[in-house]
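> Next come a sequence and a model predicted from it.
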Amino acid sequence: MTAHWTAAHIGAIPPVTTTIAAIAAQDFAPISPALDIWDAWPVQSRDGTPWTLASGEQLWMALAAPRFDNPDERHGHARIHLFRYDGHIWLPLGPAMPDGFSPGSREWSGSAIFDEGDGDVLLYFTAAGRRGEAAPDFEQRMFSARARPTDTGQLIDWRDLQEVIPPEPAHYMPTTCGGAIGTIKAFRDPAYFRDPADGGHYLLFAGSLAGSASAFNGVIGMATAPAGEPHRWRVAPPILSADGLNNELERPHIVHYGGCYYLFWSTQNHVFDPGGPTGPTGLYGMVSDRIEGGWRPLNGTGLVFANPPQVPAQSYSWMVLPDLSVTSFVDNWGGGPERRFGGSFAPFVQLWLDGDKAGVVA
């Protein structure tokens, strides 16, 4: 039941397409003088809505690292940090997990839910490399862990660390084959979704297709668990394949809206196969009336919106929330010949969805 995103879809993107507004200096602020952040997600209730603290503030997570002259170095130092958000101001709370708890040498993207059954926050995340390794590598493993939230948003009593999506070589390539940023293979970004129709549980993730003859073999993987057993995960075949088209379908996630299921992911221009049509860096998506199949590309191409052409890499790593607001981070903004890495939360974007169509609210 794997759907396919193809060169024909990308080739049909019109020359003038939907873009988000250019980000200006007054549109964002650094989290701190010494800290850069990127991929972000809120702690969510199982229905997808952001969970709130007793104060009414939301609790968010984002990847963070010390600020480097070369922002690409951040990937080798990434940890998941906590933030309180009151709708206007982001208050950093420091690393989510204590030192030495994660099994990786770095912590990469995931998702988190508040488990109403026991009052815990349940984090799904990517462990990159292995703790204590001499040099960081690109092996990726996906884990879950639990913690108890305090009234101030800190997470304490971390426990129950387990590999939640084990390797599945029949469908997904291993990530121990080296590479570099943009070319490494994926087994990361677990994103939780509960189906409102039957209560079934899903984890979507970025993967790479096993047995592919192409270097551009990105897929969106999936694990499933029954409604009454949310921890009994079974790895399934990919839900979407971009084999022969694109290397990375990053941070995939599902939103249920208007009776339809919307599958979203982010990707960048430079990870498309240069020998075929290439799409812009942007948010992409498909729609279906059921999770198991029947996925159709939004707007006929998959492209929901792109960065403005004058700043094609100004923001990235979009996540759509149930109210159709979209979070991301400020990447290379402002234009000009020199890279200007924002390293902070970007302004929210508001989507509209209407069946197979999608766009940005003006």
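That came in fine, so what should we check first? Please read these numbers as outputs of a predicted model, since none were measured by experiment.

> Got phi/psi on residue 130?
Backbone dihedrals for residue 130, given as degrees, to the nearest 10, come out at phi -130, psi 140.

> wait, I meant residue 178
The phi/psi pair for residue 178 (degrees, to the nearest 10) reads phi 80, psi -150.

> Quick one: the helices in the chain, in order.
Across the chain, reading from the start of the chain, the helices by DSSP state H fall at 7-11.

> Give me the most central residue, it.
Centroid-nearest residue in the chain, with Cα atoms, centre = their mean: residue 251, separated by 2.3 Å.

> That residue and residue 326 touch, don't they?
No - in this structure, residue 251 is not within contact of residue 326 by Cβ atoms under 8 Å, at 11.7 Å. In this view, the C-beta of every residue, glycine as well, is placed from N, C-alpha and C.

> what sits in contact with each of the two?
Counting by Cβ atoms under 8 Å, 6 or more residues apart in numbering, the residues touching both residue 251 and residue 326 are 318, 319.

> Can you name the residues that contact the residue nearest to residue 281 when sequence neighbours are not counted?
Using Cβ to Cβ, 6 or more residues apart in numbering and skipping residues adjacent in sequence, the residue nearest residue 281 is residue 268, 4.5 Å away. Applying Cβ under 8 Å, 6+ apart to residue 268 gives the contacts 182, 248, 281, 313, 316.

> just residue 297 next, same as before
The contact partners of residue 297, by Cβ under 8 Å, 6+ apart, come to 5, 9, 284, 285, 286.

> now, the most widely separated pair of the residues you listed?
Of all pairs drawn from the contacts of residue 297, the one with the longest distance (Cβ to Cβ) is 9 and 285, at 11.6 Å.

> Neighbour count: those two, which is higher?
Comparing residue 9 with residue 285 by other Cβ atoms under 10 Å, the one with more neighbours is residue 285, at 25 against 21.

> does residue 221 really touch residue 238, like I thought?
Yes - Residue 221 sits in contact with residue 238 when judged by Cβ under 8 Å, with a separation of 5.4 Å.

> what sits in contact with each of these two?
Common contact partners of residue 221 and residue 238 (Cβ under 8 Å, 6+ apart): 171, 172, 207.

> which of those residues lies closest to residue 55?
Residue 55 lies nearest to residue 207 out of these, by Cβ to Cβ, at 38.0 Å.

> Tell me how far residue 212 lies from residue 172.
Note on residue 212: its distance to residue 172, by Cβ to Cβ, to the nearest Å, is 11 Å.

> Can you pick out the residue with more neighbours from these two?
The neighbour comparison of residue 212 against residue 172 (other Cβ under 10 Å) goes to residue 172, with 23 against 15.

> Filter the contacts of residue 268 down to just the buried residues.
Burial by neighbour count, 16 or more other Cβ atoms under 10 Å: within the contacts of residue 268 this picks out 248, 281, 313, 316.

> pLDDT value on the third one, please?
The predicted structure scores residue 313 at 97 on the pLDDT scale.

> hang on, it packs against residue 270?
No - the pair residue 313 and residue 270 does not pass the contact test of Cβ under 8 Å, sitting 9.0 Å apart.

> mind listing what the residue nearest to residue 251 when sequence neighbours are not counted touches?
Using Cβ to Cβ, 6+ apart and skipping the chain neighbours, the partner closest in space to residue 251 is residue 189 (4.9 Å). Each residue near residue 189 by Cβ under 8 Å, 6+ apart is listed here: 108, 109, 110, 126, 204, 205, 206, 250, 251, 252.
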